[in-house]
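*Asks:* quick one: sequence plus predicted model below, questions after.
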Amino acid sequence: MSLPSNIKQNLMPSEISFMTENEYIQILPRYSMKSIQLIGTKIPNLRALRREKVPLWVALILKSQGKCNIVIPDWLNLIYLKARYDEEVKFPMKFSDLPFNWIDLSKILLSKAPDDLPDPVHQLRSIIQDLREIRQVKTRKGLKEVNESNIGLSGLSLLEINELRPFMLSVMNKLREIHESVRHDDYDDEEVIDVDDDED
């Protein structure tokens, strides 16, 4: 199936989820298990009630089988997220410090491991949505100050950059065309001046 060009230019949501699920996360095994060698990675020996890092996709499988609890990242709690929201409001020209995959990771954990979360799921969803919205507003405002040589994306997550990418590429190409056109016109004007000087 042929995809539209704007979709071809950026990652599909499923691709971002796949990348996120390959990130390592801590688990607390309920049972001891022997090491398993997989293609591209190795699952270490797991001992009951001893923390260990495994790929997120492995953690989700073990979680679904009732063999582990997922240790939720330090940033995925109401206190931390509300503090980041306050920063977003206080500093309109910068983005708060959040993990590169915070949106997709929080979505997965809220869906697959709600009983491991330190706060009620509905409250976490609410503050995450508030963060998403205020960052989107700041991003749109920031686009008004774009130039063809520099775009500041510091602090944006993978999903946020991915959402902006098709539009940003289009804007950058248009700005580059305008810039080249202005340079070409300036060059033509200089040639005309040089010719006039020679005739004098």
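*Replies:* That came in fine, so what should we check first?
*Asks:* and the next helix or strand past the longest strand anywhere in the chain?
*Replies:* Using DSSP state E, we find that the single longest strand of the chain is strand 24-29. For strand 24-29, the succeeding helix or strand toward the C-terminus, using DSSP states H and E, is strand 36-38.
*Asks:* I'd like to know which elements that next one is packed against.
*Replies:* strand 41-43 (3 or more Cβ pairs under 8 Å, 6 or more residues apart in numbering; DSSP states H and E). Every residue, glycine included, has its C-beta placed from N, CA and C.
*Asks:* what comes up buried for the next helix-or-strand element following the strand it packs on?
*Replies:* Sequence-wise, the next helix or strand beyond strand 41-43 is strand 52-55, with elements assigned using DSSP H and E. Residues of strand 52-55 classed as buried: 52, 54-55 (neighbour count, 16 or more other Cβ atoms under 10 Å).
*Asks:* can you tell me the strand partners of strand 52-55 and which way each runs?
*Replies:* strand 24-29 (antiparallel) (DSSP bridges).
*Asks:* how is this protein carved up into domains?
*Replies:* 12-71, 73-180 (the TED database).
*Asks:* tell me where the model's unsure across this structure.
*Replies:* Counting by pLDDT under 70, the low-confidence segments of the chain come to 1-9, 142-153, 165-179, 182-200.
*Asks:* just the helices in it please.
*Replies:* Assigned helices in the chain, in chain order: 5-8, 13-21, 56-64, 78-90, 102-112, 121-143, 158-199 (criterion: DSSP state H).
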